[in-house]
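**Q** sharing a model that was predicted from the sequence below.
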Amino acid sequence: MHKQREKELMKRAVELGNSGNIKVVSELFSLLNIDSGQVRRLAVSALGKLAGFANSADIVPALQTKMLDSHPQVRQYAVKALSAYGADAETALHDLNDILENHAEKDYNKRDAQMAIEQINEAIKIRNNQSVQLCQKCNKEVTAEEYSKSQKTFQRTFCDKCFDEVYLKRRNFDTNVELNKNIKAKDGTLVQSAGERIITDFLSSNSIAFRYDERVRIIEGYSVRPDFYLPEFDIYIEYWGMDTIDYKIGMLKKQKLYQQEGKKLISLYYYDKDNLVEILKLKLSRYIGL
Ligand SMILES: [Zn+2]
């Protein structure tokens, strides 16, 4: 596929997902079959965002077929999107179990499938009045839909009213972060500092898959936003830059959390900047062969 066309379709998929408009579903369905893993991944993600608005009877089966996509990241996003449909995704439980049992499947997809199965089962229990979940902000009992939607977005449980409040707060924070991303790495990733660019260039030139600045759930009810996450190795990298340290909430608290959970965290600091590649290589070599 032509690069420019691919970029346009990727942008379109994101727009459609953020529109909150159920009339866009058929356009998203057509994007599910485009010859670009990136476009399919974003279309799948957009269908997840429409959970709660759109008709799940149409969308759940479409997402199920995408769990068989040749591109592992498309499968991953399909799993995540399905969990947003909660009790309505009951028919997908069987396929999610298949992912768990498939030896050829990526570990991160198995982990996400396990999480999706738990969330879908919990939503079914809430719907059948066999379980109760309370909003973590106002303590009100939530519906199965509220549970699934807030778990998908925040990995926490909120009623719709508190969901909207938290969402607005987060969006303002995210907008500021996005505005700060104006340094371009060699692979085109937009990052926030020279140090992050060096790390990005190192990872991409060594063909190490990474996710940059994406929220990751590391423990029940708590998600973090590491600078880099290496899904193949389950390693987190935080760059504590002087220019970014202000907005980072409690560096020590966060480092402790990774430690408590037994996560592999590599911390790099702004004063390492002149030798950043050497230090990163050294710290990475404890976990992977370079
Ligand atoms: Zn609430």
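**A** In hand now; what should we look at?

**Q** quick check: residues of the chain near the ion?
**A** Neighbours of the ion within the chain, by Cβ under 5 Å from the ion: 135, 137-138, 140, 159, 162. Yep, even glycine has a C-beta here, placed from its N, CA and C like the rest.

**Q** need those in TSV with secondary structure, pLDDT and neighbour count, can you?
**A** Formatted as TSV, the residues of the chain next to the ion follow (DSSP: H, G, I helix; E, B strand; the rest coil; pLDDT from 0 to 100; neighbours: other Cβ atoms under 10 Å):
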residue	secondary structure	pLDDT	neighbour count
Cys135	coil	96	20
Lys137	coil	93	16
Cys138	coil	95	12
Lys140	coil	96	13
Cys159	coil	93	22
Cys162	helix	90	21
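
**Q** nearest to Lys254 among those?
**A** The shortest gap between Lys254 and any of those belongs to Lys137, at 21.6 Å (Cβ to Cβ).

**Q** pull out the buried residues from stretch 118-129.
**A** 119-120, 122-127 (16 or more other Cβ atoms under 10 Å).

**Q** swap in stretch 252-272?
**A** 254, 257-258, 263-270, 272.

**Q** so Ile199, which of the three states?
**A** Under the three-state scheme (DSSP: H, G, I helix; E, B strand; the rest coil), Ile199 adopts helix.

**Q** give me every residue that touches it.
**A** Counting by Cβ atoms under 8 Å, 6 or more residues apart in numbering, Ile199 makes contact with 227-228, 237, 239, 268, 276, 280.

**Q** which other residues reach stretch 79-91?
**A** 44-45, 47-49, 51-52, 56-57, 59-61, 63-64, 67, 92, 96, 99, 109, 112-113, 115-116, 119-120, 123-124, 126-127, 144-145, 147-149, 151-152.

**Q** which of the three states applies to Glu232?
**A** Bear in mind the rule, three-state DSSP; under it Glu232 is coil.

**Q** contacting residues for the residue nearest to it when sequence neighbours are not counted?
**A** Ranked by Cβ to Cβ, 6 or more residues apart in numbering and with sequence neighbours excluded, the top spatial neighbour of Glu232 is Ala209, at 5.4 Å. Residues in contact with Ala209, defined by Cβ under 8 Å, 6+ apart, are 230-232.

**Q** I'm done for today, thanks for sticking with me.
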